[in-house]
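[1] Output the structure for:
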Amino acid sequence: MSPLPTREAINTRIDQVNGLKDLEASAKARLLELYRKAQASIDAIGASAEATERLRSAAADAPAEKKRIRDALSQPAEPAKP
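    Numbers count the residues shown, from 1 in each chain. Modelled structure (predicted):
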């Protein structure tokens with residue numbers, strides 16, 4: 001599987017398409033639409049990767065957090081202060 005293009009690479013392609021003088025307007029519009037969709041997909045992939053990492057981190061921390069909460073709950077409650 002080939003690596004995904006970067007946002008910068010797609011921006012370069014958009015600039016190239018915008019610079020073309022002899023391309024039909026409809027073809028230019030379609031290319032730009034596809035490149036913008038590719039940018040949106042790359043952004044979504046990045047957001048999903050970040051969310052995945054947060055979930056993995058939370059899952060790794062869960063046993064220690066569970067123990068901390070159980071230990072705190074096993075302590076007698078402090079009387080309310082007037």
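
[2] Which neighbouring elements make contact with the top helix by length along the chain?
    Longest helix in the chain, counting residues (DSSP state H): helix 25-74. The contact analysis (3 or more Cβ pairs under 8 Å, 6 or more residues apart in numbering; DSSP states H and E) places helix 25-74 against helix 7-19. Where you see a C-beta, it was placed from the backbone N, CA and C, and this is true even at glycine.

[3] in the helix it packs on, what counts as buried?
    10, 13-14, 17 (16 or more other Cβ atoms under 10 Å).

[4] Touching it from outside, list them.
    23, 28, 31-32, 35-36, 38-39, 42-43 (Cβ atoms under 8 Å, 6 or more residues apart in numbering).

[5] what separates residue 47 from residue 30, distance-wise?
    Using Cβ to Cβ, to the nearest Å, residue 47 is found at 26 Å from residue 30.

[6] Could you do residue 37 as well?
    Taken as Cβ to Cβ, the span from residue 37 to residue 30 is 11 Å.
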